[in-house]
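**Q** make a model of this:
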Amino acid sequence: MHSRQAHPPTLVPVLSRGRHRNPRKGACFMEMASYLAGERWSDHPDCTHPLLAALARLVNDYTSDEARPRLAHLIPSVIGLNGDDPRVDPRIALVCAVHALPVVAAERQLTMAVTILAAEHVLAELEGRTPGELSERSRDALDQAPHAARQAQEFRRGLKISPKGFRRIAAPNAVHIAVRGVAEACVQDADRRLHDMLAAAIDECAAVLRPQREAAFPVDPDRWNDLCRLTRAHAR
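**A** Numbering: from 1, shown residues only. Okay, here's the model as predicted:
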C-alpha cells in the first residue's frame, strides 16, 4: 500500500460528522486534512481530488461514532492526491461499486452493477483497452449479484456514456449510493467495509497520481498533536 504513512502519529483525533467552523468546534476527516496540509480550514481543500474528498466526507459521516477514530490513520494519505488525470473518477466509482454491490439492498444493486460496467467501459476507452473487457475484481463482484448483473447488461446495451459525462454525473452519484448503501446494509461489519472502501480508493488514486510510488505527505507531528488535543477537548 504505497499511499500510507510509514509511521503514523500515535495520538488519534476525535472525528465528528458534518462541517465545523474551526477545530475547537470539532473536525471531520477532510477538515483535518486541510489543516495538516497547511490550507485554509475547509472540508473541500485543494490538496485532495474532489471525488476522493467527497468519498472521504461520506465515509466520515456514515461511519458510527465508535468506529470513526479508525479512519484517522488514512487522513495523511489523501493529502497531495489531486490532479486532472481523467482515469481517477472512474477508478474511484469502480472501487466503490465493487465494494458495495455484494451487500447493498436489492434496489441499489442495479445501480452498482451498471456503475461497474460503465466505469470499466470508460476506463477501457481512456486506457486503449478492448471495450467490454472486465477486470477480475469486477467479474467477482458481478458474480455475487447475478440478477443485477444481467439487468445491468440489458440496461447498458445501446447506452452511450462519455468520460466527461461519467465524471460529472455518474461517478459522484455512484459514490454516494455506494456509501449509503453499505452503511444501511444488513451486515454486521458496515464500518469496516466503509473503511476498506475508502482505503482502496486512496490506493487507486495513488496508483494514478503517484505512479513513481512517491512517499505520502509527511505529517508535522506538532500540527497533528495540536489538532488531536483540540478535537479531544471539544468531545469532552
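**Q** quick check: domain ranges of the protein?
**A** By the record's domain assignment, the chain is partitioned as 23-83+213-235, 88-209 (automatic domain parsing).
**Q** quick one: end-to-end length of the last one, please.
**A** Looking at domain 88-209, the gap from its leading to its trailing residue is 8 Å under the measure C-alpha to C-alpha, to the nearest Å.
**Q** residues touching the helix or strand in which residue 195 is found, excluding its own?
**A** Applying DSSP states H and E as the criterion places residue 195 in helix 190-209. Outside helix 190-209, the residues that touch it by C-beta atoms under 8 Å, 6 or more residues apart in numbering are 1-3, 49, 52, 55-56, 59, 62-64, 66-67, 70-71, 74, 77-78, 81-83, 85, 87-88, 91-92, 94-96, 99-100, 103, 178-179, 182-185, 187. Yep, even glycine has a C-beta here, placed from its N, CA and C like the rest.
**Q** of all the domains of the chain, which one is nearest residue 13?
**A** Using C-beta to C-beta as the criterion, the shortest distance between residue 13 and the domains of the chain is 4.5 Å, found for domain 23-83+213-235.
**Q** now do that closest one: distance to the chain's middle.
**A** 13 Å (C-alpha atoms, centre = their mean, to the nearest Å).
**Q** pLDDT of that domain, averaged?
**A** Per-residue confidence for domain 23-83+213-235 averages out to 88 on the pLDDT scale.
**Q** do stretch 176-183 as well
**A** This predicted structure assigns stretch 176-183 an average pLDDT of 98.
**Q** start the count at 35, not 1, going forward
**A** Okay, residue one is now 35; in that scheme the one you just asked about reads as stretch 210-217.
**Q** buried set for it?
**A** Burial within stretch 210-217, assessed by neighbour count using 16 or more other C-beta atoms under 10 Å, is assigned to 211, 212, 213, 214, 215, 216, 217.
**Q** so which bits of the longest helix seen in the chain are buried?
**A** When every helix of the chain is counted residue by residue (DSSP state H), the longest turns out to be helix 140-161. Of the residues in helix 140-161, those buried by neighbour count under the rule 16+ other C-beta under 10 Å are 142-159.
**Q** and if you look at stretch 85-100?
**A** Taking 16+ other C-beta under 10 Å as the criterion, stretch 85-100 shows 85-97 as buried.
**Q** ends of stretch 89-104, how far apart?
**A** Stretch 89-104 has its terminal residues 16 Å apart, counting by C-alpha to C-alpha.
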